[in-house]
Every structure is written in C-alpha cells, then in structure tokens.
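**Q** curious how this folds, go ahead:
(one chain, ligands or ions: 2)
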Amino acid sequence: MKIVAAKKILRANDQLAEENRARFKENGAFAVNIVGSPGCGKTTFLESLFRSLDGRVAPAVIEGDIASSIDAERIEKQGVPVVQINTDGACHLDATMVTAAMDGLELDKIELLVIENVGNLVCTAGFDLGENLRIVILSVSEGDDKIAKYPAIFQRSHALVITKTDFLAQSNFNVERVVGDMRRLAPEAEIFQVSALHDQGMDTVADWLVEKCKANGG
Ligand code: MG
Ligand code: ZN
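**A** Numbers count the residues shown, from 1 in each chain. Ligands and ions are numbered 1, 2, ... in the order given. Now for the predicted structure:
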C-alpha cells in the first residue's frame with residue numbers, strides 16, 4: 001500500500017504557487033482567486049465587474065470547472081480573453097493547473113488575471129494558486145451561517161463580497177451577523193455588498209481592484 005501524506009502534496013503545491021506568483025509579478029499581472037459555493041454567483045459577479053471596469057485595466061480569466069465551458073463562454077461574450085480548465089472531477093484548482101492555463105494567455109498584456117475557482121467552500125481554502133488576492137463570494141440565498149460553518153476559506157480571504165442583496169427583503173439573512181463573523185476571522189478583509197445581476201455596488205469593488213492593479217504596476 002502506498003500512502004501519500006496530504007501535507008506533502010500541499011507543500012509541493014505551495015512551491016508551484018510561489019513560481020506562479022513570481023511569473024505574475026514579472027509580467028505585471030495582478031492575480032485574483034475567486035472562491036465561493038456553486039451557484040453563489042461567481043460568474044455573474046465577473047460579468048458585472050468587467051462592465052464596471054470598463055477597460056480601465058486589461059483583464060483575462062482562467063475558468064475552473066469540473067466539466068463544461070458554460071462560464072467561459074459567458075466571459076468570452078464580453079470580449080475578455082479566457083482559458084477554461086476542466087478539472088475532470090477534481091473539486092478545486094491547484095497551482096499546477098493554473099501554470100498550465102497560463103500558457104494559453106498573453107500574460108505580459110494582462111493587468112488583472114481573474115481565476116474563477118471551482119464552486120467549493122472547503123478544499124479551495126487549502127490550495128494557494130499563486131494569486132495576489134483571494135475574494136470569497138457569499139450570496140444571500142446561501143444563508144448567514146456559512147462563515148461560522150466554513151471558517152477556513154473566509155479566514156484566508158482578503159475580501160468578502162456579499163451578493164444577491166436584492167434577495168435580502170425576502171430572506172432572513174442577517175448582514176450584521178455575517179459582517180461580525182468576518183471581522184472576527186479576518187479583521188483586515190474588505191467587505192462589499194452587491195447585487196451583481198443589477199450592477200449594484202459593483203463600482204466600489206471595481207475601483208478597489210483598479211487601485212490594487214495600479215499599485216502592482218499594471
Ligand atoms: Mg461560475
Ligand atoms: Zn477539492
């Protein structure tokens with residue numbers, strides 16, 4: 001029987017992630033890892049984000065999915081360069097997959113590289129992809145207990161985006177509870193409230209990301 005320790009795999013991943021980070025830096029690309037549950041609205045968030053960015057930075061997307069290219073096609077429709085990674089069943093992206101995807105992009109022309117991770121709040125937390133920033137998306141329809149139930153991914157994110165706020169009136173989602181839980185776990189994290197489908201609150205997110213890209217030399 002062969003036993004491979006998960007710790008070893010993660011260590012190897014971390015090393016590759018550092019190489020990715022160095023490559024992003026060399027090319028002046030600011031990389032953002034977008035995580036969140038299936039159906040939380042990651043792709044809708046990106047569609048709205050690119051509308052709000054309105055060409056202020058040169059974007060590209062790496063789309064991670066277990067199967068299909070539905071999300072990549074949505075991004076392509078906006079005229080944003082996109083590479084699809086199909087993970088063949090794997091429930092998260094790892095640094096090697098991102099390295100491979102980079103070969104399909106003109107990295108030196110990209111200022112903002114968005115990596116949409118596989119929908120998953122659990123193991124995405126453990127895999128550094130080499131990103132500069134991790135954004136976790138939590139939709140109102142998922143419920144306000146998710147930070148308490150899946151702390152690792154929230155603790156390791158630099159920003160929380162609460163989406164689908166247009167559903168707040170029809171739900172018992174307690175925004176204060178979520179903000180309080182996030183502040184306890186990640187006091188430095190930015191917190192945004194948006195309805196991406198209706199382009200509400202997205203300018204604040206876009207402005208913040210433009211700042212980050214510019215500070216990165218993009
Ligand atoms: Mg998606
Ligand atoms: Zn996984």
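
**Q** rest of the way, CA atoms for contacts and neighbours
**A** Will do.

**Q** in the chain, what residue is nearest ligand 2?
**A** Closest to ligand 2 within the chain is C91: 3.6 Å, counting by Cα to the ion.

**Q** next, work out how far apart the nearest residue to that residue once chain neighbours are set aside and L105 are.
**A** Closest residue in space to C91, ignoring its immediate chain neighbours: V118 at 6.2 Å, by Cα to Cα, 6 or more residues apart in numbering. For V118, the distance to L105 (Cα to Cα, to the nearest Å) stands at 20 Å.

**Q** of these two, which one has the most company?
**A** More crowded of V118 and L105, by other Cα atoms under 10 Å: V118, with 26 against 17.

**Q** quick one: contacts for the spatially most central residue of the chain?
**A** Nearest to the mean C-alpha position of the chain, by Cα atoms, centre = their mean, lies I34 at 0.6 Å. By Cα atoms under 8 Å, 6 or more residues apart in numbering, I34 lies in contact with 42, 114-117, 134-137.

**Q** surely it is within a strand?
**A** Yes - the assignment for I34 is a strand, going by DSSP: H, G, I helix; E, B strand; the rest coil.

**Q** look up phi and psi at V61.
**A** For V61, the backbone dihedrals (degrees, to the nearest 10) come out as phi -130, psi 140.

**Q** please name the bridge partners of it.
**A** V61 forms beta bridges with V82, V114, as assigned by DSSP bridges.

**Q** neighbours around it, how many?
**A** A count of nearby residues for V61, using other Cα under 10 Å, gives 25.

**Q** quick one: the strands in this protein?
**A** 30-36, 59-65, 82-86, 112-116, 133-139, 159-163, 190-193 (DSSP state E).

**Q** return the residues of this protein in contact with ligand 2.
**A** Residues of the chain lying near ligand 2 by Cα under 5 Å from the ion: 91-92, 123.

**Q** reformat these into JSON lines and put pLDDT, distance to I85 and neighbour count next to each item.
**A** Below are the residues of the chain next to ligand 2 laid out as JSON lines (pLDDT from 0 to 100; distance: Cα to Cα, whole Å; neighbours: other Cα atoms under 10 Å):
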{"residue": "C91", "pLDDT": "95", "distance to I85": "12", "neighbour count": "18"}
{"residue": "H92", "pLDDT": "96", "distance to I85": "11", "neighbour count": "22"}
{"residue": "C123", "pLDDT": "93", "distance to I85": "17", "neighbour count": "13"}
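
**Q** in space, what's closest to A125 - neighbours in sequence excluded?
**A** Per Cα to Cα, 6+ apart, closest to A125 is I153, 4.6 Å.

**Q** count the residues that sit near the one you found.
**A** For I153, the count of nearby residues is 20 (other Cα under 10 Å).

**Q** what sits against it?
**A** Shown in contact with I153 (Cα under 8 Å, 6+ apart): 121-122, 124-125, 136.
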